[in-house]
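1. everything below, folded, please.
(one chain, ligands or ions: 1)
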Amino acid sequence: MVTAASPHNPVWINGEIVAETEARVSVLDHGFLYGDSAYEAVRTFGGRPFLLDAHLRRLGRSAAGIGITLPNSVGVAVDDVLAASSGERLLRIIVTRGVGPLGYDIIADQPPTLIVLSRPMPTYPTAYYLDGLALAFVSVQRNHRNALDPSLKTSNLLNLRLAHMEARRAGADDAVILNARGEVTEASGSNIFAIRKATLFTPPHDAGILAGCTREFVLREIAPAIGMSVREEPMPPEALSDADEIFITSTTRSIHPVTRLDHKPVGEGRPGPLTRRLMRQFEARVGVPVFPEGSC
Ligand code: PMP
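-> Residues are numbered from 1 along each chain as shown. The predicted structure follows:
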């Protein structure tokens with residue numbers, strides 16, 4: 001994974017492209033002070049942004065949901081930053097409330113800050129695909145929809161970070177986060193799916209989840225293409241503990257098999273045959289290699 005800031009990574013910030021090492025945001029930006037911003041992560045396949053329209057629509061919904069007007073320049077910013085990049089990229093598009101005084105009063109015409117980062121696409125260890133991931137149920141609950149709606153992709157991410165920290169402390173790779181009704185919602189940055197008796201299950205939007213672009217792609221295009229029936233329905237924790245197979249999806253992960261849950265094996269404890277079939281279909285649909293050799 002590339003982590004340190006690099007002069008080779010371009011950043012689009014308020015109309016200009018600068019090197020990542022030179023990009024600066026004001027300490028009075030409300031994104032920094034209050035997590036008062038919406039964002040998207042978009043990846044490229046073969047250098048072209050994947051599911052870009054869906055990501056931009058969701059960014060518009062997230063910004064509108066917290067009362068920020070999305071600048072019209074977002075499409076141009078994405079094009080410009082990609083033109084200044086090479087290789088497979090992970091873009092992060094961030095729109096904040098902008099710079100203002102301390103306090104919650106919003107000054108009139110406070111212009112939002114728009115930033116697009118372009119970083120090399122991170123790679124995950126091959127073992128994540130060959131052996132699968134470990135998840136653990138955590139005590140941190142997903143934000144209630146009436147508190148901070150999980151369908152809005154905001155940079156106010158402490159709820160998810162705390163859940164992730166708890167899972168790591170328990171020796172797992174990621175968390176299974178429940179809602180206030182005790183139903184499964186999602187992992188800290190991915191949607192969760194279970195397969196039981198060849199049917200694919202995933203929590204519905206009103207469980208309080210982010211409507212993942214990869215989730216929608218798997219539900220509407222990948223599973224139907226292999227004739228798999230899908231059910232979006234409330235999932236008690238047992239829907240995972242009794243599953244034959246589990247996997248998670250996100251922009252950066254695409255599909256990751258999950259083979260351990262609370263230190264117990266899922267199914268046979270290996271990435272399952274239907275998960276691997278979905279991975280193959282995903283790769284065929286995208287048209288470039290997505291998963292390491294031999295993983296699906
Ligand atoms: N849930 C949460 C909480 C997330 O942060 C993400 C991705 N960042 C997802 C699900 C997956 O969404 P997508 O497939 O659009 O990346």
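2. give me the average confidence score over stretch 265-281.
-> What stretch 265-281 shows for mean pLDDT is 98.
3. now do it: distance to the chain's middle.
-> 21 Å (C-alpha atoms, centre = their mean, to the nearest Å).
4. pull out the buried residues from that stretch.
-> For stretch 265-281, a neighbour-count test (16 or more other C-beta atoms under 10 Å) marks Val266, Gly267, Arg270, Pro271, Gly272, Leu274, Thr275, Arg276, Leu278, Met279, Arg280, Gln281 as buried. From N, CA and C alone the C-beta is placed, and that goes for glycine too.
5. and if you look at stretch 67-84?
-> Under the neighbour-count criterion of 16+ other C-beta under 10 Å, stretch 67-84 has Ile68, Leu70, Pro71, Val74, Ala77, Val78, Asp80, Val81, Leu82 buried.
6. now the strands for the stretch 1-150 of the chain?
-> Applying DSSP state E, counting those that start in this stretch to the stretch 1-150 of the chain gives strands spanning 10-13, 16-19, 37-45, 48-49, 89-96, 113-120, 133-137.
7. can you tell me what sits against the last one?
-> Outside of strand 133-137, the residues that reach it under the criterion C-beta atoms under 8 Å, 6 or more residues apart in numbering are 166-167, 170-176, 178, 187, 192, 237, 240, 246, 248, 256-263.
8. buried members of the residues you listed into ChimeraX, please.
-> Selecting only the buried entries of those in ChimeraX, with 16+ other C-beta under 10 Å as the criterion:
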select :166,167,172,173,174,175,176,178,187,192,240,246,248,256,257,258,259,260,261
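9. next up, the contacts around the nearest residue to Asp174 once chain neighbours are set aside.
-> Excluding the flanking residues, the one nearest Asp174 by C-beta to C-beta, 6 or more residues apart in numbering is Ala187, at 4.6 Å. Neighbouring residues of Ala187 by C-beta under 8 Å, 6+ apart: Leu135, Asp174, Ala175, Val176, Ile177, Ile248.
10. ok and the residue in the stretch 1-150 of the chain nearest the ligand?
-> Among the residues of the stretch 1-150 of the chain, Ala41 lies nearest to the ligand; the distance is 5.4 Å by C-beta to the nearest ligand atom.
11. got a pLDDT number for that residue?
-> The model reports Ala41 with a pLDDT of 98.
12. likewise the one 5 residues further on?
-> According to the per-residue confidence, Gly46 scores 95 in pLDDT.
13. ditto for Val2
-> Confidence at Val2, expressed as pLDDT, is 59.
14. so Glu183 versus the ligand, what's the distance?
-> Using C-beta to the nearest ligand atom, to the nearest Å, we find Glu183 at a distance of 15 Å from the ligand.
15. tell me the contacts of Thr251?
-> Applying C-beta under 8 Å, 6+ apart, we find Thr251 in contact with Ala41, Val42, Arg43, Phe50, Leu51, His55, Leu90, Gly212, Cys213, Thr214.
16. what's the farthest-apart pair in those?
-> Leu90 and Gly212 (15.4 Å; C-beta to C-beta).
17. what about those two, which has more around it?
-> Neighbours were counted for Leu90 and for Gly212 using other C-beta atoms under 10 Å; Gly212 has more, 23 against 17.
18. from the ligand, how far off is the more buried one?
-> Taken as C-beta to the nearest ligand atom, the span from Gly212 to the ligand is 3 Å.
19. ramachandran coordinates for the residue lying closest to that residue once chain neighbours are set aside?
-> Residue nearest to Gly212 in three dimensions, not counting chain neighbours: Asn191, with 4.3 Å by C-beta to C-beta, 6+ apart. Dihedral pair for Asn191: phi -90, psi 150, per degrees, to the nearest 10.
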